[in-house]
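A.B. asks: need a 3D model of the sequence below.
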Amino acid sequence: MRKRIVFTGGGSAGHVTVNLALMPHFLREGWKVAYIGSEAGIERELVTRIEGVRYFGIATGKWRRYFDWKNATDPLRVLKGVWQAHRLLRFIRPDVVFSKGGFVSVPVVLASRLHNVPVVLHESDLTPGLANRIAIPFARTVCTTFPDTLSHIPGGKGEHVGAVVREELKRGTRERGYALTGFVPGRPVLLVMGGSLGSQRINRAIRDNAEALLERFQIVHICGKGQVDAALHLPGYRQYEYVQEELADLLAIADLVVSRAGSNAIFEFLALRKPMLLIPLSQAASRGDQVQNARSFERQGFCEVMEEEGWSDSTFLAAVQRVADRRGEFARRMEQAELGDPLSRLLAVIKAAAGR
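C.D. replies: Presented below is the predicted three-dimensional model:
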C-alpha cells in the first residue's frame, strides 16, 4: 500500500518553502501527498500549482500582538479547524504529518493526536514561534535549522538538521536573469526582498533613494502583494509583486541582497553565497525572531544588519555601500560555512516517523 503524508503550514511563504522543497521527493517515490492549509492563505496559491498534491482548506485563527476583537473570536475558528482537520485525517489516513508552522498548522497537529498519527515539526527560527510552542508537546520529533534551537526543545525530541534549501533555486542562470530584467552584464545588481507580504519600510527606502542607488546598481525590487508602484518607471529598476519560478534566475544575477531576516530566505541567500544587508522586522512588530536570526548571521560574518529604529536615508545608503564594498569578504565567509545535506536528513526523519 502506498504511504501517505500530510503537509501543513502557512500564513507566509516562509511557512511553506520547506514543504515545497520536500513534496517533490515524496511524489517521485510514489507517496500520496495532501496539504492542509488555510482557506485563502498564500499557501493555497503556492501549493495548488504542484501536480499530484491534493489541497484542503480549513478555518484558522492567530494571536495578534495588538488589541483586536478577533483575538476573542479566533479561538472558535481554531476549534472549527480542529474539527475539520479531524475529519480530513480520518479520510486521508496519513502515515505521518509534517508541520512547518504558522497558525493553520495548530489544528492539524492537534487533530493528529486524536488519530495517533506521528507528527514531525520543523522550526526555522532560532527560537520557536507560538504556533510551534503549542504544537511541540504533540510532536514526535522537532527538526531545527539552528543548532542553538535544541536548547528550547523539551523532552529530548529535538533534532538539528540544518537549513533546507529548494533545489530549483540552485538552477537559475544569469542568461535568463538578464533576459527577464533587460539588465546589462557588468553593472552590479541589487536584489531587494521584503518577504512574501512585502515590507512598506524597505519599499519606501528603496523608492525614496532609487536615483542614488541606480548610480551604482541595477535594482530588482520584489515588493510584496499589492505593493507595486505602477507610476515608478526608471531605467535599471524592475519591480515584481511576487516571483516563484523566476526567483532562481533573479538570484543568479544578484550581487548583493537587501532583505528582511526570515530564516528560510536568509539560508537560501547563504547557500547561494549572496552578501546581505538584513533589516529584521522589529521587536515592536514581532516576537523578535528576525532580529535573532540576523544577529546570528552577523556574528558568523555573513551579512551586515540594520535595524528599523532610527535610520535615515544617509545611513541606509551607507549600509548598502558597505555591503557592496565587503562583498568578497562576505562571500569567503559563506564559502567556509558547513551546510551539509539538510534535505536528506529531514527526509530520513520523516520517513522514520512514518515507518514506526
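
A.B. asks: check contacts around the nearest residue to T17 once chain neighbours are set aside.
C.D. replies: In this structure, T17 finds its nearest non-sequential neighbour in N264, 4.7 Å apart by Cβ to Cβ, 6 or more residues apart in numbering. Every C-beta, even on glycine, is put in place using the N, C-alpha and C of the backbone. By Cβ atoms under 8 Å, 6 or more residues apart in numbering, N264 lies in contact with A13, G14, T17, V18, S124, A163.

A.B. asks: show only the entries of the residues you listed found in helices.
C.D. replies: Filtering the contacts of N264 for membership in helices, criterion DSSP state H, returns T17, V18.

A.B. asks: re earlier: which is the next helix or strand following the helix or strand containing the residue nearest to T17?
C.D. replies: Per DSSP states H and E, N264 falls inside helix 263-271. Counting by DSSP H and E, the element after helix 263-271 in chain order, helix or strand, is strand 276-278.

A.B. asks: tell me what that next one is packed against?
C.D. replies: If you count contacts as 3 or more Cβ pairs under 8 Å, 6 or more residues apart in numbering; DSSP states H and E, strand 276-278 packs onto strand 256-259, helix 263-271, helix 289-299, strand 303-305, helix 313-325.

A.B. asks: quick one: residues in contact with the first one.
C.D. replies: The one in question is strand 256-259. 188, 190-194, 202, 206, 265-266, 269, 274-279, 320, 323-324, 327.

A.B. asks: what does the fourth one give?
C.D. replies: Contacts with strand 303-305, where a contact means Cβ under 8 Å, 6+ apart, come from 261, 266, 275-280, 294-295, 297-298, 319, 322-323, 326, 330.

A.B. asks: among the residues you listed, the buried ones, what's the ChimeraX command?
C.D. replies: Under the burial definition 16 or more other Cβ atoms under 10 Å, those of the contacts of strand 303-305 that qualify are selected in ChimeraX by:
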select :261,266,275,276,277,278,279,280,294,295,297,319,323,326,330
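
A.B. asks: what's the longest helix along the chain in contact with?
C.D. replies: Among the segments of the chain that qualify as a helix by DSSP H, the longest is helix 70-92. Contacting residues not belonging to helix 70-92 are listed as 4, 6, 32, 34, 36, 56, 58-64, 97, 103-104, 106-108, 110-112, 114-115, 117 [Cβ under 8 Å, 6+ apart].

A.B. asks: please redo it, this time with the cut-off set to 10 Å
C.D. replies: Residues outside helix 70-92 that contact it (Cβ atoms under 10 Å, 6 or more residues apart in numbering) are 4-6, 8, 32, 34, 36, 38-39, 54, 56-65, 68, 94, 97, 103-115, 117, 134.

A.B. asks: need the phi and psi values for T141.
C.D. replies: T141 adopts backbone torsions of phi -140, psi 140, taken as degrees, to the nearest 10.

A.B. asks: tell me who's in contact with it.
C.D. replies: By Cβ under 10 Å, 6+ apart, the residues touching T141 are 118-122, 153, 157-159, 161, 346, 349-350, 352-353.

A.B. asks: can I have the buried ones of those residues as a ChimeraX selection?
C.D. replies: Filtering the contacts of T141 down to the buried ones (16+ other Cβ under 10 Å) takes a single ChimeraX command:
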select :118,119,120,121,122,153,157,158,161,346,349,350,353
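
A.B. asks: so H221 makes contact with L214?
C.D. replies: No - look at H221 against L214 with Cβ atoms under 10 Å: they stay out of range, at 11.2 Å.

A.B. asks: neighbour count winner among the two?
C.D. replies: Taking neighbours as other Cβ atoms under 10 Å, H221 and L214 compare with H221 leading, 25 against 16.

A.B. asks: that one looks like it's in a strand, true?
C.D. replies: Yes - according to DSSP: H, G, I helix; E, B strand; the rest coil, H221 belongs to a strand.

A.B. asks: for the helix holding N264, buried residues please.
C.D. replies: Neighbour-count burial for helix 263-271, counted by 16+ other Cβ under 10 Å, picks out S263, N264, A265, I266, F267, E268, F269, L270, A271.

A.B. asks: point out where the stretch 251-356 of the chain drops to low pLDDT.
C.D. replies: Scanning the stretch 251-356 of the chain with the threshold set as pLDDT under 70 gives 283-287, 356.

A.B. asks: what about E309, which SS state?
C.D. replies: Per three-state DSSP, E309 ends up coil.

A.B. asks: hang on, it packs against L281?
C.D. replies: No - counting by Cβ under 10 Å, E309 sits too far from L281 to count as a contact (11.7 Å).

A.B. asks: these two: which is more packed in?
C.D. replies: Neighbour tally, E309 and L281, criterion other Cβ under 10 Å: the higher count belongs to L281, 23 against 8.

A.B. asks: next one, pLDDT for E241 please.
C.D. replies: We have a pLDDT of 89 for E241.
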